[in-house]
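# Structure, please.
(one chain, ligands or ions: 2)
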Amino acid sequence: MLNFELYNPTNYIFGKGQIEKLSKLVPKNAKILLAYGGGSIFKNGIHEQVIKNLQGFDIIEFGGIEPNPRFETLMTAVEIVRKEKITFILAVGGGSVIDGVKFISGATNFEGNPIDILKNKVLFTDLSKVISFGTVLTLPATGSEMNSGAVVTIEATQEKLVLGGSALFPKFSICDPTVIASLPKRQLENGVVDAFTHVMEQYLTYPHDAILQDRIAESILQTLVEIGPNVVENPTDYKLASNFMWCATMALNGLIQKGVPSDWATHMIGHELTALYEIDHARTLAVIAPSLYKVMFETKKDKLAQYGERIFNVSGDSIEEKAEKAIEKTIEFLHKMGMQTKLSEYTEDYKKSADFIVNRFETRGWKALGEKQNITLQRVKEIVEGSY
Ligand code: NZQ
Ligand code: ZN
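Ligands and ions are numbered 1, 2, ... in the order given. Now for the predicted structure:
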């Protein structure tokens, strides 16, 4: 097992009705920026619940954070936080709103050009330099409610880039599974597949000595395979909703990645497809992952075979046979979850993507990705072309 440090200060508050604790969680006398997205929180009553539980606080609202949040929009919020001397930010939304708030939190007191936060991947580690924030999660998918990473898009250059650091964990996250009742089917499907792929990025590498991490990762995968198709059809079923929400958090709150190698190339390539074509984040993963498993077959076949046996009960005479069946089973699951797994099914303009992505990675100096740093630019090209 590799050495590790486990640090996660987020106060994770889970279950029905937990929003009532909001007034005790927000610091006394805080001046709050209430940040949200395109307005779903007005239709499903979450905005009303938040306001009801924050009576007496000084609140300024900032709406309009888009899915795949834009640097340009977030900078407007940064100006408000500075001008109004906001002391606490409350993110009410899915991954995009929470990620947007992480950026606002770090950018407010950032000395220098805020675009460099993204371009130079600045790490925020000093709590005294960020604005504290909490979240009310409305969409289980990204794990952003219990991690310190974020992804922000620069509209001007169509780039989707990451930021983060130990100072960017939410102070608290209220995770009430009943909020998923109002999610459109497409977003429920996205949530399951995003969480599933987060586990795969940290699990589907090569055999190692971290037995417990493998078993925890497999239990999240198995749970998602078991409940995923049902929760999409029955989002008001509390048993399904609560397990889904907890799986999505556990998939990316840092726990399963401790002491093990991780990949993340599916995400790095997928982010480019969203930047290029505005395809939903999870759907880009469903396009790239199967192709990546095929191109990186030699590196991943041992773990693919283990995954196939333990998650899908595949059998076979060789590692290769089991690994191939595991990829087929994964594609079947993605289809069952409403995903298309070919880029050409999302856009007619797909042929430019491989060269475009390779050029971008080259310019950024990303010449080797994956758990063994053997996903070279040539392989990135093969992976993207394999997804056509
Ligand atoms: O904007 P509103 O009106 O709120 O509507 C949203 C949005 O249109 C809607 N929605 C959210 N909760 C709802 C709801 N509609 C009805 N009822 C509810 N309860 O859903 C739409 C999508 O929301 P969004 O926040 O964009 O989705 P998601 O949570 O999937 O977040 C995706 C973003 O997170 C990033 C992705 O790249 C993408 O930008 N990621 C963040 C990660 C992290 N911070 O750790 C890791 C992930 O891999 C991912 O990259
Ligand atoms: Zn993701």
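# Does the lengthiest helix in the chain reach ligand 1?
Using DSSP state H to define each element, the chain has its longest helix at helix 211-233. No: between helix 211-233 and ligand 1, judged by CB under 6 Å from any ligand atom, nothing touches; the nearest distance is 13.4 Å. Placement of C-beta: from N, CA and C, glycine included.
# Pull out the buried residues from that helix.
213-214, 216-221, 223-225, 227-229, 231-232 (16 or more other CB atoms under 10 Å).
# What separation do you get for the residue nearest to residue 93 when sequence neighbours are not counted and residue 130?
Closest residue to residue 93 apart from its sequence neighbours, by CB to CB, 6 or more residues apart in numbering: residue 37 at 4.6 Å. Using CB to CB, to the nearest Å, residue 37 is found at 21 Å from residue 130.
# if we look at the longest helix of the chain, which residues are touching it?
1, 180, 185, 188-189, 192, 195-196, 199-200, 202-203, 237, 240-241, 243-244, 247, 250-251, 255-260, 306-307, 310-312, 333, 336-338 (CB atoms under 8 Å, 6 or more residues apart in numbering).
# same question, stretch 368-376
Contacts of stretch 368-376 (CB under 8 Å, 6+ apart): 205-206, 261-265, 268, 292, 296, 299, 361, 367, 380, 383.
# Farthest pair within those?
Distance extremes for these: the farthest pair is 206 and 361 at 22.7 Å, using CB to CB.
# Looking at these two, which one has more neighbours?
residue 361 (21 against 14; other CB atoms under 10 Å).
# Thought residue 381 was touching the more buried one, still the case?
No: Residue 361 lies out of contact with residue 381 (CB atoms under 8 Å); the separation is 9.8 Å.
# circling back to that earlier point, can you tell me the average pLDDT over the longest helix of the chain?
For helix 211-233, mean pLDDT rounds to 98.
# CA atoms only for that helix, dumped as CSV, please.
In CSV, the C-alpha atoms belonging to helix 211-233 read as follows (Å, rounded to 0.1, in the frame of the first residue of the first chain):
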residue,chain,number,x,y,z
ILE,A,211,-7.1,-5.0,-0.5
LEU,A,212,-9.5,-2.8,1.5
GLN,A,213,-9.5,0.0,-0.9
ASP,A,214,-10.3,-2.4,-3.7
ARG,A,215,-13.2,-3.9,-1.7
ILE,A,216,-14.6,-0.5,-0.8
ALA,A,217,-14.4,0.6,-4.5
GLU,A,218,-16.1,-2.6,-5.6
SER,A,219,-18.9,-2.2,-3.1
ILE,A,220,-19.6,1.3,-4.5
LEU,A,221,-19.6,-0.1,-8.0
GLN,A,222,-21.8,-3.0,-7.1
THR,A,223,-24.3,-0.7,-5.3
LEU,A,224,-24.5,1.6,-8.3
VAL,A,225,-25.1,-1.3,-10.7
GLU,A,226,-27.8,-2.6,-8.4
ILE,A,227,-29.7,0.6,-7.8
GLY,A,228,-28.7,2.8,-10.8
PRO,A,229,-31.3,1.7,-13.3
ASN,A,230,-34.0,1.7,-10.6
VAL,A,231,-33.3,5.1,-9.1
VAL,A,232,-33.7,6.7,-12.5
GLU,A,233,-37.2,5.4,-12.7
